[in-house]
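In: using only what follows, build the 3D model:
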Amino acid sequence: MKVLRNLAAALLLVVIAVAAVVVLRTVTFKAPAAAAGIAVPAPPAIDADLAAEHLAAAVRFRTVSHEDPAQNAPSAWAAQRDWLATTYPHFAAKAVREIVGPGALLWTWRGSDPALKPIILMAHQDVVPVSDDTRNLWRADPFAGEIKDGAVWGRGSVDDKGSLIAIMEAADALAAQGFAPKRTIIVESGQDEEVGGTGARAVAALLKARGVTALYAIDEGSVVLKDMPITHQPAALIGISEKGYATLVVTAHGIGGHSSAPPKDTAVTTLSRAVTAIADHPFPLALSGPSAAMLRALAPRMGFVPRMAIANEWLFEPLLLQQIGATPVGRSMLHTTIAPTMLSGSPKANVLPDRATAQINYRIAPGQTAADAMARARAAVGTLPVDLAWAAEPRDPSAVSSTTSKGWGEVTAAAGALFPGVAIAPSLVTAGTDGHSMYAVTPDVYRFQPILFGLNDIEMIHGVNEHLKIVDLKRMADFYARLMLMGG
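Out: Take a look at the predicted model:
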């Protein structure tokens with residue numbers, strides 16, 4: 001009995017010690033220190049209503065990137081490029097404009113001090129199509145560029161012509177008032193971000209060949225959420241990395257023929273087993289990288305219990321993974337996702353196909369690679385007689401940008417000036433952007449538009465009723481102007 005009492009006492013001491021450590025770490029936990037000492041200059045006067053008219057005009061250029069390039073209208077891109085040059089004459093007179101490859105735009109506003117690293121501001125020219133069966137759901141013609149209810153409506157108003165127009169408004173206003181930058185300002189605008197981003201890659205390769213090393217690049221990707229689910233408060237999320245992208249083709253072979261006398265296993269049944277096996281072997285959830293950094297930055301805004309869990313990841317990580325991974329969006333932040341999306345087999349219901357295929361889309365988390373995804377798929381299918389191959393060259397996740405660099409400090413300072421008191425946190429972008437290419441010329445690529453969105457607002461990107469509020473367009477122009485001014 002004495003031994004048991006001693007053991008119980010020892011266990012109690014351990015529990016008290018662990019509890020003390022947990023409480024101490026919680027009450028002393030602080031978010032990573034924000035960059036200090038960065039002055040945020042006042043932006044120039046920008047006419048928000050005129051900027052809205054310009055964005056509306058840009059929406060009317062049908063620069064729609066289709067999966068089949070033959071469906072594209074190259075004249076729309078050419079007309080939009082010419083329109084930008086004439087609409088923003090002050091900037092056009094100061095910057096050198098180049099057309100790279102089949103239509104990427106590169107403006108270089110040369111700074112007076114070549115010792116200073118340039119900055120790269122990015123926004124693509126193209127937009128996704130509008131499905132005919134959704135047009136009746138739009139509150140405005142998606143290509144009319146209508147201004148109503150305090151917003152510009154139409155495809156591309158947010159993704160990504162809003163950013164493009166905001167950058168040009170800022171640059172033109174600064175040039176008009178005689179601003180002469182000390183560091184070089186580069187504006188990059190790819191023509192095909194929505195179908196692969198060859199334009200941005202071509203620009204990055206050109207800049208690299210010229211020996212350019214930029215302080216940072218900033219592209220689309222994250223926004224300011226009105227009601228961040230974790231904190232239930234506004235939060236400015238700045239993407240510091242993005243997932244990789246790959247599509248796996250699974251092919252099963254079988255004996256073709258009439259469906260009235262099927263063999264035990266057909267190409268379709270074999271394929272279904274393989275797809276199910278791959279989907280049933282997901283990547284494990286992990287609290288690491290940009291997602292972990294986001295939680296640590298937001299923790300001080302949370303209640304005591306969630307703050308305690310984040311301050312003591314060593315103890316509560318399983319609980320955190322369970323809570324965050326309870327929704328599809330949350331889970332996507334924690335691992336490489338596996339999504340079967342396309343199937344093909346026989347062209348006729350009563351014919352056995354000799355070949356059936358499926359496509360599985362992967363969004364690869366930082367720290368993993370396409371090779372890891374292929375290895376996991378091969379292990380999942382085991383001895384099933386299927387072939388596995390990538391539909392196209394996969395793209396691994398991007399590097400992870402710094403949250404302590406001068407570039408991070410400038411971007412967060414400019415964001416903080418627009419949204420005082422709002423939490424600013426790094427984040428992982430689960431979609432792809434042209435910013436991925438710019439790691440060729442800078443270690444730091446950030447993905448952020450200073451747009452105030454509710455969670456439901458995100459659905460309109462690539463969806464119906466895409467629109468940008470004029471107040472957000474003005475914020476964006478002020479944001480880019482401040483970034484330009486910070487270099488002196």
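In: and the next helix or strand past the strand or helix carrying residue 305?
Out: Taking DSSP states H and E as the definition, one finds residue 305 inside helix 304-311. Once the chain leaves helix 304-311, the next helix or strand it forms, by DSSP H and E, is helix 313-324.
In: so what touches the next helix or strand after that following helix?
Out: On the C-terminal side of helix 313-324, the nearest following helix or strand under DSSP H and E is helix 328-332. The set of residues external to helix 328-332 that reach it, using C-beta atoms under 8 Å, 6 or more residues apart in numbering, is 229, 285, 323, 324, 325, 337, 363, 430. C-beta coordinates here come from the backbone N, C-alpha and C atoms, glycine included.
In: if you set the cut-off to 6 Å instead, what comes out?
Out: Outside helix 328-332, the residues that touch it by C-beta atoms under 6 Å, 6 or more residues apart in numbering are 324, 325, 430.
In: next one: phi and psi at the last one?
Out: This points to residue 430. phi -80, psi -10 (degrees, to the nearest 10).
In: wait, it touches residue 243, no?
Out: Yes: here residue 430 reaches residue 243: they are 5.3 Å apart, a contact under C-beta atoms under 6 Å.
In: just to revisit the earlier point, just the buried ones from the contacts of helix 328-332, in ChimeraX syntax?
Out: Here is the ChimeraX selection string for the buried members of the contacts of helix 328-332, based on 16 or more other C-beta atoms under 10 Å:
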select :324,325,430
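In: related to what we said a few turns ago, and for residue 430 and residue 243, which residues touch both?
Out: Joint contacts of residue 430 and residue 243 (C-beta under 6 Å, 6+ apart) are residue 363.
In: export the contacts of helix 328-332 to a markdown table and tack on distance to residue 109 and pLDDT?
Out: Below are the contacts of helix 328-332 laid out as a markdown table (distance: C-beta to C-beta, whole Å; pLDDT from 0 to 100):
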| residue | distance to residue 109 | pLDDT |
| --- | --- | --- |
| 324 | 42 | 87 |
| 325 | 45 | 88 |
| 430 | 33 | 93 |
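In: lowest-pLDDT helix or strand in the chain?
Out: helix 2-28 (a mean of 59; mean pLDDT, DSSP states H and E).
In: what is the distance between whatever helix or strand comes next after that helix and the centre of its chain?
Out: Remark: after helix 2-28, the chain's next helix or strand is helix 48-59, criterion DSSP H and E. The chain centre lies 24 Å from the centre of helix 48-59; the measure is C-alpha atoms, centre = their mean, to the nearest Å.
In: got the buried residues for the next helix or strand after helix 48-59?
Out: Downstream of helix 48-59, the next assigned helix or strand under DSSP H and E is helix 74-87. For helix 74-87, the neighbour count (16+ other C-beta under 10 Å) marks 76, 77, 80, 81, 84, 85, 87 as buried.
In: pretty sure the third one is touching residue 59, no?
Out: No: counting by C-beta under 6 Å, residue 80 stays clear of residue 59, with 10.2 Å between them.
In: residue 384 contacts residue 272, correct?
Out: No: using C-beta under 6 Å, residue 384 is not in contact with residue 272; the gap is 10.4 Å.
In: circling back: ok, the buried residues of helix 74-87 vs residue 235, which is closest?
Out: residue 84 (32.9 Å; C-beta to C-beta).
In: leaving out chain neighbours, which residue sits closest to that closest one?
Out: Spatial nearest neighbour of residue 84, excluding adjacent residues (C-beta to C-beta, 6 or more residues apart in numbering): residue 168 at 6.3 Å.
In: run through the strands of the stretch 101-250 of the chain in chain order.
Out: In the stretch 101-250 of the chain, the strands defined using DSSP state E, counting those that start in this stretch lie at 104-109, 119-122, 147-148, 151-153, 185-189, 216-219, 224-225, 235-242, 244-253.
In: can you list the strands that the following helix or strand past the longest one pairs with?
Out: Moving toward the C-terminus from strand 244-253, the next helix or strand (DSSP H and E) is strand 257-258. Its sheet considered, strand 257-258 pairs with strand 351-352 (antiparallel) by DSSP bridges.
In: and the next helix or strand past the partner strand?
Out: Per DSSP H and E, strand 351-352 leads on to strand 355-364 as the next helix or strand towards the C-terminus.
In: centre of the chain to that next one, how far?
Out: Mean C-alpha position of strand 355-364 versus that of the full chain (C-alpha atoms, centre = their mean) differs by 22 Å.
In: average pLDDT for the very next helix or strand once past it?
Out: Next in sequence after strand 355-364, counting helices and strands by DSSP H and E, comes helix 370-381. Across helix 370-381, pLDDT averages out at 98.
In: distance from helix 370-381 to the middle of the chain?
Out: 25 Å.
In: other SSEs contacting that helix?
Out: Counting contacts by 3 or more C-beta pairs under 6 Å, 6 or more residues apart in numbering; DSSP states H and E, helix 370-381 is packed against helix 267-279.
In: flag every buried residue along the helix it packs on.
Out: Neighbour-count burial for helix 267-279, counted by 16+ other C-beta under 10 Å, picks out 267, 268, 270, 271, 273, 274, 275, 277, 278.
In: check stretch 414-421 too.
Out: Going by neighbour count (16+ other C-beta under 10 Å), the buried part of stretch 414-421 is 414, 415, 416, 417, 418, 419.
In: just give me the neighbour total for the closest residue to residue 38 other than its chain neighbours.
Out: Using C-beta to C-beta, 6+ apart and skipping residues adjacent in sequence, the residue nearest residue 38 is residue 413, 4.3 Å away. Residues lying near residue 413 (other C-beta atoms under 10 Å) number 20.
In: what helix or strand is residue 413 located in?
Out: Per DSSP H and E: residue 413 is located in helix 406-418.
In: next, the angle strand 235-242 makes with that helix.
Out: 160 degrees (axes from the mean of the first three to the mean of the last three C-alpha atoms, to 10 degrees).
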